[in-house]
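Undergrad: What follows is a predicted protein model with its sequence.
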Amino acid sequence: MKRCPDCGETKPLNAFYSSQSHTSTTKTSAHCRECSRRRNREYRARNAEAITARRRAARQTPEGLRKSRDRDLRRHYGISLVDLERMIHAQENRCGICSDEFTSHKQTHVDHCHRTGSIRGILCATCNLMLGHAKDDQQRLLAAAQYLEPPSW
């Protein structure tokens, strides 16, 4: 049990975020999760413009762009930027469907199954949109391919 200095309540340790602080004997944050969330919300509201400016400035540098892309990949797909680069290299820097060559990482899209979340490969924007519009339905894609065949009439 631990007492939160903000709300004054004594709560179980799992009501506090973990902390890597060397001064914390319980390895938990000083404030309970509820108070931490409230304090963070208030801070972000008071400093919204400064936070936006800092984020915008960070994205203007190559290192900031890499960090942002890495964070997004980890959050959405559970892979790092290094993992993405390995996958692109394994596909010989080409789209997994049309084989067009990628000229930058901005052109790469992580194709994944929306039901399972598993990654299928790396695609160009056009092929990724095609699969998305077809709702990953193989029959629909096969029917579209047949439709493109010249008519016999």
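TA: Okay, I see it.
Undergrad: Strands of the chain, residue ranges please.
TA: With DSSP state E as the definition, the chain shows strands at residue ranges 2-3, 10-11, 16-18, 28-32, 109-112, 119-123.
Undergrad: for the fourth one, packing partners?
TA: So that's strand 28-32. With contacts defined as 3 or more Cβ pairs under 8 Å, 6 or more residues apart in numbering; DSSP states H and E, the packing partners of strand 28-32 are strand 16-18. Placement of C-beta: from N, CA and C, glycine included.
Undergrad: The strand it packs on: which residues count as buried?
TA: Residues Phe16 are the ones in strand 16-18 that count as buried (16 or more other Cβ atoms under 10 Å).
Undergrad: Contacts made by that strand with the rest, please.
TA: Outside strand 16-18, the residues within contact range by Cβ atoms under 8 Å, 6 or more residues apart in numbering are Lys2, Cys4, Thr26, Lys27, Thr28, Ser29, His31, Cys32, Arg33, Ser36.
Undergrad: dump the residue contacts of Ala144.
TA: With Cβ under 8 Å, 6+ apart as the criterion, the residues that contact Ala144 are Ala134.
Undergrad: any idea how far Leu123 is from it?
TA: When Cβ to Cβ, to the nearest Å is applied, the distance between Ala144 and Leu123 equals 16 Å.
Undergrad: Of the contacts of strand 16-18, keep whichever come out buried.
TA: Neighbour counting by 16+ other Cβ under 10 Å classes Lys2, Cys4, Thr28, Ser29, His31, Cys32, Ser36 among the contacts of strand 16-18 as buried.
Undergrad: pretty sure the fifth one is touching Asp6, no?
TA: Yes: counting by Cβ atoms under 8 Å, His31 does reach Asp6; the two are 5.2 Å apart.
Undergrad: Give me the common contacts of the two.
TA: Common contacts of His31 and Asp6 (Cβ under 8 Å, 6+ apart): Arg39.
Undergrad: any chance of the contacts of strand 16-18 in CSV, plus pLDDT and distance to Ile97?
TA: Output for these, formatted as CSV (pLDDT from 0 to 100; distance: Cβ to Cβ, whole Å):
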residue, pLDDT, distance to Ile97
Lys2, 95, 54
Cys4, 96, 53
Thr26, 82, 52
Lys27, 90, 48
Thr28, 93, 48
Ser29, 94, 47
His31, 96, 50
Cys32, 97, 50
Arg33, 98, 44
Ser36, 97, 45
